[in-house]
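Participant: quick check, what structure comes out for this input:
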Amino acid sequence: MTLEEAQKQVDQWVKTYGVRYFSELTNMTVLTEEVGELARVMARKYGDQSFKEGEKDNIDEEIADVLWVLLCIANQTGVDITTAFRKSMEKKTKRDNKRHINNPKLKDHGRE
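Facilitator: Next comes the predicted model:
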């Protein structure tokens, strides 16, 4: 599935099942909540916290939820996510094409 297809699929789902988009501010709040849920799972899986009883490692679900809300926000603000992502990649490549490769801190993955 391409980004364009995902964006269209989310739009169709919202129009079919979701009645309408939440407001932009509500979706920004939902995005913040979803990123927090992803952070919680990552803290338990990769950080120093452990999963509580009944919690599960659902990092894939949390990443998908973040993407879902981002696509909603893109749709309702008129952003073509494919074009925006392409431009972002070009900007990062132009700006950072030597920066990270030449960063001595990254040679050993930042560990001393």
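
Participant: show me what counts as buried in the helix ranked longest in the chain.
Facilitator: For the chain, the longest helix by residue count, based on DSSP state H, is helix 24-45. Under the neighbour-count criterion of 16 or more other C-beta atoms under 10 Å, helix 24-45 has 27, 30-31, 34, 37-38, 40-41, 44 buried. The C-beta positions use only the backbone N, C-alpha and C, and glycine is treated the same way.

Participant: greatest separation within these: which pair is it?
Facilitator: Greatest spacing in the buried residues of helix 24-45, by C-beta to C-beta: 27 and 44 (26.2 Å).

Participant: got a list of contacts for the longest helix of the chain?
Facilitator: 21-22, 49-51, 55, 57-59, 62-63, 65-66, 68-70, 72-73, 76-77 (C-beta atoms under 8 Å, 6 or more residues apart in numbering).

Participant: out of those, list just those in helices.
Facilitator: If you go by DSSP H, the contacts of helix 24-45 have 59, 62-63, 65-66, 68-70, 72-73, 76-77 in helices.

Participant: now list the buried members of those.
Facilitator: Counted by 16+ other C-beta under 10 Å, the ones in helices among the contacts of helix 24-45 give 62, 65-66, 68-70, 72-73, 76 as buried.

Participant: for the ones in helices among the contacts of helix 24-45, which one is nearest residue 94?
Facilitator: For these, the nearest to residue 94 is residue 70 (23.5 Å; C-beta to C-beta).

Participant: ok, the closest residue to the closest one other than its chain neighbours to residue 100 distance?
Facilitator: Spatial nearest neighbour of residue 70, excluding adjacent residues (C-beta to C-beta, 6 or more residues apart in numbering): residue 31 at 6.7 Å. To residue 100, residue 31 is 27 Å away according to C-beta to C-beta, to the nearest Å.

Participant: if anything else comes up later, I'll come back, but that's it for now.
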